[in-house]
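Engineer: predicted model and sequence follow; I will ask about them next.
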Number of protein chains: 2
Amino acid sequence: MKYQEACRHTKGNKGAHQLCVSIVPIFNHLQNEEMEEVAKTTRSISLKKGELLHSAGDASDSLYIVHQGKVKVYRLSENGKEQLIRILQPGDFTGELALFKESIHDDYAEAMEKTDICSIQRGDLQEFLQRYPNISLKILSEFSNRLGQAESQMTSFATEDVETRIGLYLAQQVEENKSTEYHLPMSRKDLASFLGTTPETISRKLAKFEDEGWIEQEDQRRIRVLDLDALLLI
Amino acid sequence: MKYQEACRHTKGNKGAHQLCVSIVPIFNHLQNEEMEEVAKTTRSISLKKGELLHSAGDASDSLYIVHQGKVKVYRLSENGKEQLIRILQPGDFTGELALFKESIHDDYAEAMEKTDICSIQRGDLQEFLQRYPNISLKILSEFSNRLGQAESQMTSFATEDVETRIGLYLAQQVEENKSTEYHLPMSRKDLASFLGTTPETISRKLAKFEDEGWIEQEDQRRIRVLDLDALLLI
DNA sequence: CTTTAACCTTGATGGCCGTCAAGGATGATA
DNA sequence: TATCATCCTTGACGGCCATCAAGGTTAAAG
């Protein structure tokens, strides 16, 4: 397994770890020597597409930082349906919940492609938090963002209908990327799960948006937004 | 008014503030003298039922701790509907988002009854965070919980139907309180908004639950759960 | 205590969208 | 490049639940 190889090299290979630690907002403000110290405690994990970083029910004692690739985090509801929580891109991290809360994951993390990850053990991280209070502040800031997003999304689920949610999603993405062309980071099936609907409805609504002249589907994953305001006014 | 008394006495009356600071999990682990130091920087706020602690769009520069009373935090969606995010009881705090993120509230906080609140200015708090790293850890822990809850709720909104959500809500509350009798902390209108549905549907579903013999509505606000398993199996 | 506004309940109606189904397109694997 | 699984699309159908409406009840305010 590739993972074990990587692990075996861990001790000697500071370069790779430094790189990993230095791309994360929560660590990249440290001095070089401090960062090296953090890097020394990290371990590498490498996953192939479809492999699980962790499952619900697993004990959780590590913070995971995505170095390269993409990871989807999702939950299973009572009735067995998959609900996509978010997609981790390089520099994003996860596993924090369990670092402070209980130590059982309640979600799944799965590599969407070949992915490299650094992990930090709970104990090591907590030591760093004590030593470098600024790390806490960075994590707090990140948590704030995520909490705000989660609450926004909750409001959206609770009060808007599916068509509006899809429109809002597209509009937001386009505004963030400052380009009218948007590349979907996931399949329509996953997008459906993320937005709390079904692939069929995604298809139908996008087709409708295209009929109305609001968007253009150039390709399965490429969408060009022609009328941003219309999307926001649904 | 009790509040204004408290305010008037603010400078000289350390006792009241100590009490306030000491009931919050994020501060109550401090030494007495440290807690006094924190208490000195707090200010008292008293609200009558219906008064707003802050509105969306307000600048945000304080952490608010509920000392006595109840506060509901909600958002307004695009179409103007109210979505209840959570209810703050004594010891709960809010306003943290804006302490680390941007400085504009995107939600409303409204007193549900006569309520006393302590506030700490952003600058003061950040100083304490640097000085006493444990405070950060406590807040991180609290954030973890909230984030987990929010994501759970998201999953619930996205994947379960209304009847299931209401059943789950009741079951959870009963399990937490370890009593089969549950006192609703809010009106059915607010509960509807919290669960992403309408008051009409709440009425109908509760009536159905009663017909099925799963619950008993003893009073507008008192519900006795007779068959917990049934509620979880909907 | 009286008055009034808010809340709650129950019924009737309609539309959104989830589900099932089948054919076509895409992408992964060897 | 060939094969196959997975994903996407479009149609038909039906059920859940939001909406509108009206009467009853509770709680607030003076």
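Structural biologist: In hand now; what should we look at?
Engineer: make it CA atoms for all contacts and neighbour counts henceforth
Structural biologist: Fine.
Engineer: just give me the neighbour total for the residue nearest to A:Thr41 when sequence neighbours are not counted.
Structural biologist: Spatially, and ignoring its direct neighbours in sequence, A:Thr41 is nearest to A:Ile120 (6.6 Å; Cα to Cα, 6 or more residues apart in numbering or on different chains). Residues lying near A:Ile120 (other Cα atoms under 10 Å in any protein chain shown) number 21.
Engineer: residue contacts, A:Ile120?
Structural biologist: A:41-43, A:62-64 (Cα atoms under 8 Å, 6 or more residues apart in numbering or on different chains).
Engineer: give me the sheet partners of whichever strand or helix holds it and which way each runs.
Structural biologist: Assigned by DSSP states H and E, A:Ile120 belongs to strand A:115-121. Take DSSP bridges as the rule and strand A:115-121 pairs in its sheet with strand A:43-47 (antiparallel), strand A:62-68 (antiparallel).
Engineer: neighbour-wise, give me the winner out of the contacts of A:Ile120.
Structural biologist: A:Thr42 (26 neighbours).
Engineer: how about that residue: what's its closest non-neighbour residue?
Structural biologist: Nearest to A:Thr42 is A:Ile120, by Cα to Cα, 6+ apart, at 4.9 Å.
Engineer: show me how the record splits chain A into domains.
Structural biologist: Domains of chain A are assigned by the TED database as A:16-152, A:160-232.
Engineer: mean confidence (pLDDT) on the shortest one, please.
Structural biologist: For domain A:160-232, mean pLDDT rounds to 94.
Engineer: kindly report the same for the longest one.
Structural biologist: Taken as a whole, domain A:16-152 has an average pLDDT of 87.
Engineer: do that domain and DNA strand D come into contact?
Structural biologist: No: Domain A:16-152 does not reach DNA strand D (Cα under 7 Å from any atom of the strand); its nearest approach is 10.2 Å.
Engineer: please state the offset of that domain from the chain centre?
Structural biologist: 9 Å (Cα atoms, centre = their mean, to the nearest Å).
Engineer: who's in contact with A:Thr159?
Structural biologist: Contacts of A:Thr159 by Cα under 8 Å, 6+ apart are B:77, B:81, B:83, B:196.
Engineer: please apply the same query to A:His105.
Structural biologist: A:His105 touches A:54-60, A:98, counting by Cα under 8 Å, 6+ apart.
Engineer: specify the beta-bridge partners of the most centrally placed residue in chain A.
Structural biologist: By Cα atoms, centre = their mean, chain A has its centre lying nearest to A:Leu88, at 2.3 Å. Here A:Leu88 sits in beta bridges with A:Val71, as judged by DSSP bridges.
Engineer: so it sits right up against A:His67, yeah?
Structural biologist: No: A:Leu88 is beyond contact range of A:His67, at 9.9 Å (criterion: Cα atoms under 8 Å).
Engineer: and A:Asn177, how many neighbours?
Structural biologist: 11.
Engineer: quick one, phi/psi of it?
Structural biologist: With angles defined as degrees, to the nearest 10, A:Asn177 sits at phi -80, psi -10.
Engineer: what's the spacing between it and A:Asp124?
Structural biologist: From A:Asn177 across to A:Asp124, the span is 36 Å (Cα to Cα, to the nearest Å).
Engineer: for A:Gln68, same thing?
Structural biologist: Distance from A:Gln68 to A:Asp124, by Cα to Cα: 23 Å.
Engineer: so for these two, which sits in the more crowded spot?
Structural biologist: A:Gln68 (19 against 13).
Engineer: and the helix ranked longest in chain A, anywhere near DNA strand C?
Structural biologist: Scanning chain A for the helix with the most residues, using DSSP state H, yields helix A:133-159. No: judged by Cα under 7 Å from any atom of the strand, helix A:133-159 and DNA strand C are separated, with a smallest distance of 9.9 Å.
Engineer: give the buried residues for that helix.
Structural biologist: A:133-148, A:150-159 (16 or more other Cα atoms under 10 Å in any protein chain shown).
Engineer: other SSEs contacting whichever helix or strand A:Ile223 is part of?
Structural biologist: Assignment of secondary structure by DSSP H and E places A:Ile223 within strand A:222-225. With contacts defined as 3 or more Cα pairs under 8 Å, 6 or more residues apart in numbering or on different chains; DSSP states H and E, strand A:222-225 has these neighbours: strand A:181-183, strand A:215-219.
Engineer: so of those, which one's packed in deepest?
Structural biologist: Mean neighbour count (mean count of other Cα atoms under 10 Å in any protein chain shown) peaks for strand A:181-183 among the helices and strands packed on strand A:222-225, with a mean of 17.
Engineer: can you list contacts of stretch A:216-234?
Structural biologist: A:163-164, A:167-168, A:170-171, A:174, A:180-185, A:187, A:210, A:213-215.
Engineer: who in chain A is up against DNA strand C?
Structural biologist: Near DNA strand C, when you scan chain A using Cα under 7 Å from any atom of the strand, you find A:161-163, A:196-198, A:200-201, A:219-220.
Engineer: ranking by neighbours, what's the top pick from those?
Structural biologist: Counting by other Cα under 10 Å, top hit in the residues of chain A next to DNA strand C: A:Gly196 with 23 neighbours.
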